[in-house]
Each structure stands twice: as structure tokens, then as C-alpha cells.
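Trainee: quick one: sequence and predicted model below, then my questions.
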Amino acid sequence: PIYGHGDHRRFVATRLMERLAELDEDTDRLIEIIAADLSSGWRYLRIANLLRDAGRADDALAWAERGLWAATNERPDPRLVDLTAGLYQRAGRTADAVRLRRDVFERDPAQATFQALRDISLASGRWAETRDQALEVLRARAARDGGYANATLVRVLLDEQRPDEAWTATQQGGCTDDLWLALAERRAMSHPGDAVGVYRRLVEAAVGQGTRDAYREAAALAEQIRHLHQRAGMLDAFPVWLDALKARHKRKRNLMAELSQRGL
């Protein structure tokens, strides 16, 4: 937005009033000044922090909850969520803290909100049931939206030490190249043959970038593919794939040089 001269004068005047209240250590007056404009969650957060720091936890919680209600139709400020959950815990209201984290997660099913829900649920001993429900939310969103939503599901499953489920999720909805590589590295430990296809696609993606660094990455991946073929008992298939790769890209001298340096 573009602010006019009047806006600037109002901002300066408000800041001066706030400063005077701070010098007088008049928390209630400072809150009154801030509360004159509650157009953002940050203002509720500021008031709640002032009250908490003044030792008025109940008042702080009331303002924090007001801020969350004010954000009903939009994503609440994560700092306000953290503060409210923390105040619930300090007040011994663990169930309310779990409920808040669950509501925020269902509104915004992301890795960060999942982890926050996990942390509070573990502390309260309620994680087993909550985890299954949260994963179902992520699966439903991935099935509906695909793309980024499926990548979020895969990241969470990997973080939850469920690599087989993460692998299945990628087969159904795909994911980003960095996730493919992380997943392939995990998959290679127990199913090297499955990981071969992922590494092959990543080689082609790197070659397609056309830079020396990308060619170096492609050659390193190709070397990993040779090891995977060997571990999977399918070493005879590696020269066939490598020859086809080199035939397709024989004019890329820098790529050929990188492959040669690795004995490929």
C-alpha cells in the first residue's frame, strides 16, 4: 500500500504515545494504544507478549485467543499459535494445546504444523492416535491436490521413519527431485533395484541443465547406478544403459569428460 502524509503523521504520533507509556511503565496504557488498531495478528501478539512479560498470564492468554479468533478465515500468525499453545501448557491445559495444534494443522497441513502437533502430542502421550489422523489428512490432501501436497506427505513419512510408505506415495503422486534422491538413497539400502530407475531419471534431469556442475552431478549419479546394479545382481544391465546414455549425449564433451574421470 501507498501511505500518504497523514498516515505518516499518525504513525509518528502513535509511536510517541507508545514510547511515553513505555517510559512510564504503564502496561495498560500501552495496550490501549496498540489496541486502537487490531488490523493484524501481530498486534494481538504484541499485546499478549506484553501481558505475559508483566506476569499476567491469564490476560495474555485471553488476548492471544482473541487474535486466533480474529484470524478464523485466514492462516493465523505462527508466532501467535506458538504463544497460545505455550500459555495453555503453562496453565496445565494440555488438551487445549493439542486441540489448537490439531486445528491449525488441519487448516494448514504442512510439515511444520505436523511437527508442532507431534511435539505437543508426544508430550501429552497422545501421539499414536493423533498421528494416524494427521497422516490421513495429508493423504487426502495429496490425493486431491497432488504436486506440492504429495511432496509434503513424502517428507513427513520420511521424517516419521516410514520409508516404504513414502516410496508408495511417490509412485502414486510423484515428488521433487531432491526428495526423489533422498528417497532413493533410503530405498537403495533394502531395494537397490527399485532405486535404479530414480537415479536414471535424475541423471537425465542433470544432463538437461547443460552446465559443467550438472554434468559432474550426472557422472556421480551414474557411478552410484553402477553400484546399485552390482548390489541388485544386475550388473550386466549397467553397460547397456551407460552406452545408451553416452550415445544420446555424445556431443556433450564436458559430460563425456566427467564420465571418463570416473572410469565410465
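Mentor: Thanks, I have the structure now.

Trainee: okay, now the unreliable bits of the protein?
Mentor: Where the chain drops to pLDDT under 70, the residues are 1-8, 11, 13, 18, 21-26, 71-74.

Trainee: okay, which residue is most central for it?
Mentor: Centroid-nearest residue in the chain, with C-alpha atoms, centre = their mean: Gln111, separated by 4.2 Å.

Trainee: for Ala36, helix, strand, or coil?
Mentor: At Ala36 the chain is in coil, as set by DSSP: H, G, I helix; E, B strand; the rest coil.

Trainee: please name the nearest non-neighbouring residue to it.
Mentor: Thr14 (7.7 Å; C-beta to C-beta, 6 or more residues apart in numbering). Any C-beta I mention is one placed from the backbone N, CA and C, and that applies to glycine too.

Trainee: am I right that that neighbour is in contact with Leu30?
Mentor: No: using C-beta atoms under 8 Å, Thr14 is not in contact with Leu30; the gap is 11.1 Å.

Trainee: of those two, which one has the most company?
Mentor: Leu30 (21 against 14; other C-beta atoms under 10 Å).

Trainee: need the contact list for Asp213.
Mentor: Asp213 makes no contacts at all, as judged by C-beta atoms under 8 Å, 6 or more residues apart in numbering.

Trainee: how many neighbours does the closest residue in space to Asn49 that isn't next to it in sequence have?
Mentor: Distances taken as C-beta to C-beta, 6+ apart put Leu83 closest to Asn49, at 6.9 Å, once the chain neighbours are dropped. Per other C-beta under 10 Å, the neighbour tally for Leu83 reads 22.

Trainee: how far away is Leu83 from Gly174?
Mentor: Separation of Leu83 from Gly174 (C-beta to C-beta, to the nearest Å): 37 Å.

Trainee: do Ala95 as well
Mentor: 38 Å.
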